[in-house]
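Colleague: need a 3D model of the following:
(one chain, ligands or ions: 1)
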Amino acid sequence: MSTTLQNDLFIKAALSQQTERPPVWFMRQAGRFMPEYWEIKNKYTFLEMCKTPEIAADVTMLPVDLLGIDAAILFSDILVTAEAMGGDLSFEQGVGPRFSNPVRSLADAQKLAGAESIDKLQYVADAIKEIQNRLNGSIPLIGFAGAPFTILSYLVEGGSTRDFKRTKLMLNNEPELAHLILQKIADLTIAYLNMQIEAGVNAVQLFDSWAAALSWNDYRDFSHNYNKYILDNLKRTVPVISFAKGASVFAPLIVESKPDVISVDWNADLLNLKKSLPEVMAVQGNLDPFIMYADKPVIKKKIHELFERMRGEAGFICNLGHGISPDMRFDHVKFAIDTIKEFRY
Ligand code: CP3
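Modeller: Numbering: from 1, shown residues only. Now for the predicted structure:
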């Protein structure tokens with residue numbers, strides 16, 4: 001795949017090959033911080049946007065055309081797998097994702113579909129094909145899925161949570177119930193990511209956004225083991241990125257699941273983390289997204305600090321440690337991308 005791309009910086013860096021500069025893309029690069037996103041969003045619900053390949057492709061292309069990033073990411077959401085399994089999902093303005101039928105008992109868990117619900121996600125394969133037609137080999141396309149623990153937390157809580165109280169209650173009091181649900185999510189996620197790879201994505205990223213909520217042992221038992229099971233069962237024809245908030249703490253476990261790239265939040269010194277990994281494992285990150293609120297000279301300084309640290313390192317993809325927020329200024333995000341692209345090793 002990578003040989004046919006006009007810009008293969010991202011793929012090369014993901015495979016730990018030397019590049020002339022670090023490639024850059026940002027998590028949530030297609031979203032509400034863009035006026036052009038709102039023009040589309042005002043006409044459809046978020047799920048309609050995800051489920052209509054033409055619209056998903058239009059939104060995926062916004063940051064390609066307006067920001068000039070080195071990789072596109074499929075416009076979708078990690079929660080579409082939970083919806084396919086039977087979660088009644090809606091996205092409410094100002095509230096975020098909501099499941100009206102949270103999964104809290106054995107009966108709830110037994111009602112959830114597993115890998116067989118892959119048929120309901122055909123629209124994602126259709127969107128990938130449409131996006132690849134539009135990208136026409138210019139830059140790579142990243143596919144993605146949510147990691148089982150992160151998805152479990154939304155299913156159990158019924159939405160976003162600050163403290164993961166109900167999820168942790170389940171892990172503590174009813175671990176077998178949690179494992180039953182996690183296994184179903186993991187089985188669907190394998191089918192889902194393999195479907196995306198077959199449809200033509202050039203890389204995949206597993207998002208374990210809420211791993212940092214867990215203790216070491218709980219992360220190993222309820223998150224890492226499932227992530228490893230997923231990675232062990234993927235068609236490894238494209239690079240695999242493993243993202244977690246908390247990845248710097250859990251890196252020794254994440255390494256065991258053998259991703260091509262570990263994507264880390266901003267807590268870690270990225271060079272020290274990179275040096276602790278096997279040489280063939282690349283890193284992605286790890287700017288604090290909140291620098292986007294700062295003045296432009298500050299943004300530039302923070303980017304230069306990271307780059308001076310990573311100078312000469314093969315296997316470095318520049319990204320934020322987490323996503324862009326809706327109230328970040330477009331011109332600051334664009335300024336950050338431009339500043340990153342000026343750098344040479
Ligand atoms: O990165 C991209 O641009 C690709 C698209 C993408 C979205 N969500 C679009 C989205 C990706 C990769 C995601 C992943 C995702 N979704 C994660 C993992 C990454 C992370 O941020 O930790 C998580 C935890 C979710 C769950 C989710 N989806 C939340 C918490 C929210 C809303 C929160 C809020 O502020 O309302 C969403 C909705 C969502 N996903 C939007 C977008 C553009 C906003 C939808 C809207 O326009 O109303």
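
Colleague: tell me which residues are up against stretch 80-91.
Modeller: 45-47, 50, 79, 97-101, 103, 111-114, 117-118, 120-121, 124, 145-146, 151, 154-155, 184-185, 188-189, 192 (Cβ atoms under 8 Å, 6 or more residues apart in numbering). The C-beta positions use only the backbone N, C-alpha and C, and glycine is treated the same way.

Colleague: now the buried members of these.
Modeller: 46-47, 50, 79, 97-99, 103, 112, 114, 117-118, 120-121, 124, 145-146, 151, 154-155, 184-185, 188-189, 192 (16 or more other Cβ atoms under 10 Å).

Colleague: report pLDDT for whichever residue of the stretch 201-345 of the chain sits closest to the ligand.
Modeller: Residue nearest to the ligand within the stretch 201-345 of the chain (Cβ to the nearest ligand atom): Ser209, separated by 3.1 Å. Note on Ser209: pLDDT of 96.

Colleague: ok, it - how many residues close by?
Modeller: Using other Cβ atoms under 10 Å, Ser209 has 22 neighbouring residues.

Colleague: that one contacts Ser242, correct?
Modeller: No - using Cβ atoms under 8 Å, Ser209 makes no contact with Ser242, being 11.9 Å away.

Colleague: next helix or strand past the helix or strand of the chain with the lowest mean pLDDT?
Modeller: One helix or strand of the chain scores below all others by mean pLDDT, DSSP states H and E: strand 89-92, with a mean of 94. The element immediately downstream of strand 89-92 (helix or strand, assigned by DSSP states H and E) is strand 96-99.

Colleague: other SSEs contacting that following strand?
Modeller: Packed against strand 96-99 by the contact rule (3 or more Cβ pairs under 8 Å, 6 or more residues apart in numbering; DSSP states H and E) you find strand 89-92, helix 148-157.

Colleague: export that strand to CSV, keeping only CA atoms.
Modeller: Output in CSV follows, covering the C-alpha atoms of strand 96-99 (Å, rounded to 0.1, in the frame of the first residue of the first chain):
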residue,chain,number,x,y,z
GLY,A,96,-22.3,13.8,24.6
PRO,A,97,-23.0,10.1,23.9
ARG,A,98,-25.8,8.4,25.7
PHE,A,99,-27.1,4.8,25.8
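
Colleague: name the helices or strands packed onto whichever helix or strand comes after it?
Modeller: Counting by DSSP H and E, the next helix or strand C-terminal to strand 96-99 is helix 106-111. Applying 3+ Cβ pairs under 8 Å, 6+ apart, we find helix 106-111 packed against helix 175-199.

Colleague: ok and the helix it packs on relative to helix 148-157, angle-wise?
Modeller: Calculated by axes from the mean of the first three to the mean of the last three Cα atoms, to 10 degrees, helix 175-199 forms an angle of 120 degrees with helix 148-157.

Colleague: can you give me the buried ones in helix 175-199?
Modeller: 177-182, 184-197, 199.

Colleague: now do stretch 160-178
Modeller: With burial defined by 16+ other Cβ under 10 Å, the residues of stretch 160-178 counted as buried are 161, 164, 166-168, 170-171, 177-178.

Colleague: the residue nearest to Ile118 when sequence neighbours are not counted and Ser153: what is the separation?
Modeller: Spatial nearest neighbour of Ile118, chain neighbours left out: Ala191 (4.3 Å); criterion: Cβ to Cβ, 6 or more residues apart in numbering. Distance of Ala191 to Ser153, given as Cβ to Cβ, to the nearest Å: 21 Å.

Colleague: Lys275 too?
Modeller: 32 Å.
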